[in-house]
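> need coordinates for the following:
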Amino acid sequence: MNIQEAAAQCGLTADTIRFYERKGVLPRPPREANGYRNYTADHVRTLRLAKGLRHVAVPLEVVAPMIAVAHSGTCGEVRGDLADALSDALAKTERRLNDLIHVRDHLKLILAGLTSTDPADITVPGMAPCECIRLVSDTAEQ
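Next up is the predicted model:
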């Protein structure tokens, strides 16, 4: 099958498939006489695995070796590598989620401060920041 057919079957774009080939995530398929790549059902299964791993935030540099193990390793090896990769992805996701919660809480504080600041408050530009600026600046230090 050509790259467009493989893309349709695995749910990736042709550009993503080419990118994965360049990065060594997917072995380059043989080419036909006309120069087109000839993908097999095995390639499509590999692409689906890569897509699934990327979907759960497994870094691309971890995907390639996992695919190699999936093709040549035992189920136990795959399971161990997969558990390690998913545990790392979960830990990174938890950290990102905590960071986002922290940002959300700061945004709420800033908005609450902005709505409670007296609009008649005037300051000399460049001398002392208005309360609005101070609220945002102070959160950057926390």
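
> and stretch 69-86, how far out from the chain middle?
What separates the centre of stretch 69-86 from the centre of its chain is 21 Å, taken as Cα atoms, centre = their mean, to the nearest Å.

> any idea how far residue 104 is from residue 76?
Distance, residue 76 to residue 104, using Cβ to Cβ, to the nearest Å: 41 Å. For every residue, glycine as well, the C-beta is placed using N, CA and C.

> now residue 113
As judged by Cβ to Cβ, residue 113 and residue 104 stand 15 Å apart.

> nearest residue to the middle of this protein?
For the chain, residue 57 is the residue whose C-alpha lies nearest the centre (Cα atoms, centre = their mean; 5.0 Å).

> where does that residue land in three-state SS?
Under DSSP: H, G, I helix; E, B strand; the rest coil, residue 57 falls in the coil class.

> could you point out the longest helix of this protein?
Identified as the longest helix of the chain according to DSSP state H is helix 75-116.

> what packs against that one?
Applying 3 or more Cβ pairs under 8 Å, 6 or more residues apart in numbering; DSSP states H and E, one finds that helix 75-116 contacts helix 60-72, helix 131-140.

> and these: which comes nearest residue 36?
Nearest to residue 36, of all the helices and strands packed on helix 75-116, is helix 60-72, at 22.7 Å by Cβ to Cβ.

> list the buried residues in the closest one.
Of all the residues in helix 60-72, those buried under the rule 16 or more other Cβ atoms under 10 Å are 62, 63, 64, 66, 67, 69, 70.

> no more questions from me, cheers.
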